[in-house]
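S.K.: After the sequence you'll find the predicted model.
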There are 2 protein chains.
Amino acid sequence: MDGQTLKAGAVAAAKHIKNPVTLARLVMDKSAHVLLTGEGAEKFAVEQKIALVDQKYFFTEEQWQRLQSIKDQEKNALGENRDVSSAIDKYGTVGAVALDKAGNLAAATSTGGMVNKRFGRVGDTPVIGAGTYADNSSCAVSGTGHGEFFLRMAIAHDIVALMGYKGLTIEQATHTVIKEKLTNLGGTGGVIAIDRAGNIAMPFNTEGMYRGYALGPDGKVVVEVF
Amino acid sequence: MDGQTLKAGAVAAAKHIKNPVTLARLVMDKSAHVLLTGEGAEKFAVEQKIALVDQKYFFTEEQWQRLQSIKDQEKNALGENRDVSSAIDKYGTVGAVALDKAGNLAAATSTGGMVNKRFGRVGDTPVIGAGTYADNSSCAVSGTGHGEFFLRMAIAHDIVALMGYKGLTIEQATHTVIKEKLTNLGGTGGVIAIDRAGNIAMPFNTEGMYRGYALGPDGKVVVEVF
């Protein structure tokens, strides 16, 4: 999402796209739409000369074992608890927010989604306002966590609104949404956010969240986990 | 969406669902998810004993003629303008917002979407925060219009945020978002909204918007178009 124009692009429920953010950018720049899904999104990719990849490309032994373990739990569960899925995408989501020297903000998020998801489930990542938002008037946000909570709370837009309408700092706004509202509702996750002055906040209410930032071409690079 | 719990359910890109809001309610009540898409959503429907209907069910002569007319325009258009689609769903979207006697708010929206849509395009209707939102702390909102603008602006959540964070009335908040922000960005559409005190606002920046309200079991019923 482009914080200067509020233009946005997203793809969801795609199965053969190597770089979803590249495709999302094309949706923003080359289509009249914001959100494309499923086979339609992949058809658009082909028209835009994006090669589809075999699903084997996405295979990792670690995630495969995780899936089997969850499927085993599912077999042993009963009734309504049958839909065992791993709510927290511990490894799946990568997001970026950026401020350029002209003061423009942008945000992008990519994910493999919940492990053992079914029914064409879509989380917060491709949903503008939930997992991703950017508005030059306040900040850019990218989120990771239990997507259903991020959707219900419109987390990324909520942070933007708290800054824009309530005058909170980026530190206060992200703290309010992640450490208070999300936590009170029982959800888990975190966000990375940057405002137009270059202030950065990266709160989370989970054990850890891989995160980092770089300030300018010669600036310091910081990487943190816990 | 349920404004008391912020629970929500939605389905998108489904092709054989007679009553999407009924299915959305089941997503909210009977799944661990918020947003289900495409064939997955229909598989969930079948598991929930919702019968799929043949696509003929959705046929109307008027919409068929509209589609042919747009396809003709498309043939005569060139290059990037080839993707001619009818941005404004003049007939497609039906929404409802409600306040019960206990002070709980709810919102629901259903649509056939843009005419001649392609690529699994999803608009604002099934996106919590864009076309639909309800929060007991402020109001319930259901929107209709050019979905891409509603997505980019997170319109439904923006109205909730303006009431909650800036202290605007429902009249002021909906006016600001529809008559000012949406209009300034070049988008068209409208919303129906109700707050926890029962105040109703239904602004739009289009020629007309079919709308109405009923106050209580013995209250007055109002229907308006322009």
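M.R.: Here it is on my side, so go on. Numbering: from 1, shown residues only, chains lettered A, B, ... in the order given.

S.K.: Which other helices and strands does the strand or helix carrying A:A24 contact?
M.R.: Following DSSP states H and E, one finds A:A24 within helix A:20-30. Under the contact definition 3 or more CB pairs under 8 Å, 6 or more residues apart in numbering or on different chains; DSSP states H and E, helix A:20-30 sits against strand A:10-12, helix A:38-47, strand A:105-110. Any C-beta I mention is one placed from the backbone N, CA and C, and that applies to glycine too.

S.K.: Among those, show me which one is buried the most.
M.R.: strand A:10-12 (a mean of 27; mean count of other CB atoms under 10 Å in any protein chain shown).

S.K.: List the contacts of the residue nearest to A:A108 when sequence neighbours are not counted.
M.R.: Using CB to CB, 6 or more residues apart in numbering or on different chains and skipping residues adjacent in sequence, the residue nearest A:A108 is A:V21, 4.8 Å away. Contacts for A:V21 (CB atoms under 8 Å, 6 or more residues apart in numbering or on different chains) come out as A:A108, A:T109, A:S110.

S.K.: any idea how far chain B is from A:V21?
M.R.: Separation of A:V21 from chain B (CB to the nearest CB, to the nearest Å) stands at 17 Å.

S.K.: For A:L105, see how far away that residue is.
M.R.: Using CB to CB, to the nearest Å, A:V21 is found at 16 Å from A:L105.

S.K.: roughly how far apart are A:R196 and chain B?
M.R.: 18 Å.

S.K.: next one: A:Q55
M.R.: According to CB to the nearest CB, A:Q55 stands 16 Å off from chain B.

S.K.: Strands of chain A, residue ranges please.
M.R.: For chain A, strands defined by DSSP state E occupy the ranges A:10-12, A:35-37, A:94-99, A:105-110, A:121-122, A:132-134, A:139-145, A:189-195, A:200-201, A:211-214, A:221-224.

S.K.: closest one to B:K166 among the ones you listed?
M.R.: strand A:139-145 (16.9 Å; CB to CB).

S.K.: does chain B sit close to the closest one?
M.R.: No. Counting by CB under 8 Å from any CB of the partner chain, chain B is not contacted by strand A:139-145; separation bottoms out at 11.5 Å.

S.K.: For that strand, name the packing helices and strands.
M.R.: strand A:94-99, strand A:105-110, strand A:132-134, helix A:155-166, helix A:170-174, strand A:189-195.

S.K.: List the pairing partners of that strand within its sheet, with orientation.
M.R.: When pairing is defined by DSSP bridges, strand A:139-145 lines up against strand A:132-134 (antiparallel), strand A:189-195 (antiparallel).

S.K.: Export only the CA atoms of the last one, formatted as CSV.
M.R.: Presented in CSV, the C-alpha positions along strand A:189-195 are these (Å, rounded to 0.1, in the frame of the first residue of the first chain):
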residue,chain,number,x,y,z
GLY,A,189,0.7,-11.0,17.4
GLY,A,190,2.6,-7.8,16.7
VAL,A,191,3.2,-5.1,14.2
ILE,A,192,6.0,-3.1,12.8
ALA,A,193,5.2,0.5,12.2
ILE,A,194,6.9,3.7,11.1
ASP,A,195,5.6,7.3,11.1
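
S.K.: Give me the contacts around that strand.
M.R.: Residues contacting strand A:189-195 (CB under 8 Å, 6+ apart): A:88, A:95-99, A:105, A:138-146, A:149-150, A:155-156, A:159, A:163, A:169-170, A:173-174, A:177-178, A:182, A:200-206, A:209, A:211, A:213.

S.K.: Quick one: mean pLDDT over that strand.
M.R.: The pLDDT scores in strand A:189-195 average 98.

S.K.: Next, the angle from it to helix A:155-166.
M.R.: Here strand A:189-195 runs at an angle of 50 degrees relative to helix A:155-166 (axes from the mean of the first three to the mean of the last three CA atoms, to 10 degrees).

S.K.: Okay then, goodbye and thanks.
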